[in-house]
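Trainee: build me a model from this:
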Amino acid sequence: MKKVILVCIVAVSSLSIISAQPRAIGGRIGIDLEASYQHSIGSKNYLQLDLGLPGYAYGVQGVVTFNTIFATPHWGSYGKWEWFAGGGVGAGMISGYYSYDNAIFVGGAGNIGLSFTFPFDLQLSAEYRPLLGPAFGKRSNGDYVGFYGNGLLCAALAVRYAF
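Mentor: Predicted coordinates for the structure are as follows:
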């Protein structure tokens, strides 16, 4: 009888592990280098928070996007494919960026990509997340207001652990 109860507990536990995981943590590598966290909000939506180093400059940036899974193609029986898209906001500080020494930028961010989650909870994704907005900084001859355009180069590959 103890063996039957143990088998039932193991079966129920494995079924709960197989279901979709509500969180994922990992990193994104592209022009930027970022730590990434995803948290599910319902069955088709999730919030993604990225914090890291912006490309081509010293500094730090953070981006928050609200993403929706709009397609789950069945390209095989192993793992799970998902197309996703969303939008959000981002901000950061950079130093040594072109002609001004220090700057702060804010802007809107979009996010689109394709992800694959293995049955053992490893998620790989290819993403494009443009971040555009104004930059406010200091030059040697005074204040500077410009456009932060490096966010257009923000294609990345991401690796996350779903839990």
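Trainee: I'd say residue 113 and residue 127 touch.
Mentor: Yes. Residue 113 is in contact with residue 127 according to C-beta atoms under 8 Å; the separation is 3.5 Å. Using the backbone N, CA and C atoms, a C-beta is placed for each residue, glycine as well.
Trainee: which one's more surrounded, the two?
Mentor: Between residue 113 and residue 127, residue 127 has the larger neighbour count (other C-beta atoms under 10 Å), namely 22 against 19.
Trainee: state the distance from the more buried one to residue 36.
Mentor: From residue 127 across to residue 36, the span is 9 Å (C-beta to C-beta, to the nearest Å).
Trainee: next: residue 107.
Mentor: When distance is defined by C-beta to C-beta, residue 107 is 18 Å away from residue 36.
Trainee: just the strands in the chain please.
Mentor: Here the chain has its strands, by DSSP state E, at 23-30, 33-41, 45-53, 58-71, 80-97, 100-117, 122-128, 131-139, 142-148, 155-162.
Trainee: how about residues contacting the fourth one?
Mentor: Right, the one you point to is strand 58-71. Contacts to strand 58-71, defined as C-beta atoms under 8 Å, 6 or more residues apart in numbering, come from residues 32, 34, 41, 44-54, 82-97, 105, 109-111, 129, 131.
Trainee: how about residue 122, what does it touch?
Mentor: By C-beta under 8 Å, 6+ apart, the contact set of residue 122 is 159, 160, 161, 162.
Trainee: which among the residues you listed count as buried?
Mentor: 160, 162 (16 or more other C-beta atoms under 10 Å).
Trainee: so where's this structure uncertain?
Mentor: Low-confidence segments of the chain (pLDDT under 70): 1-21, 97-101.
Trainee: which residues touch the closest residue to residue 87 other than its chain neighbours?
Mentor: Nearest non-adjacent residue to residue 87, counting by C-beta to C-beta, 6 or more residues apart in numbering: residue 110, 5.2 Å away. Neighbour list for residue 110: 65, 85, 86, 87, 129, 130 [criterion: C-beta under 8 Å, 6+ apart].
Trainee: pretty sure the third one contacts residue 127?
Mentor: Meaning residue 86. No. The pair residue 86 / residue 127 is not scored as a contact, 10.4 Å apart, by C-beta under 8 Å.
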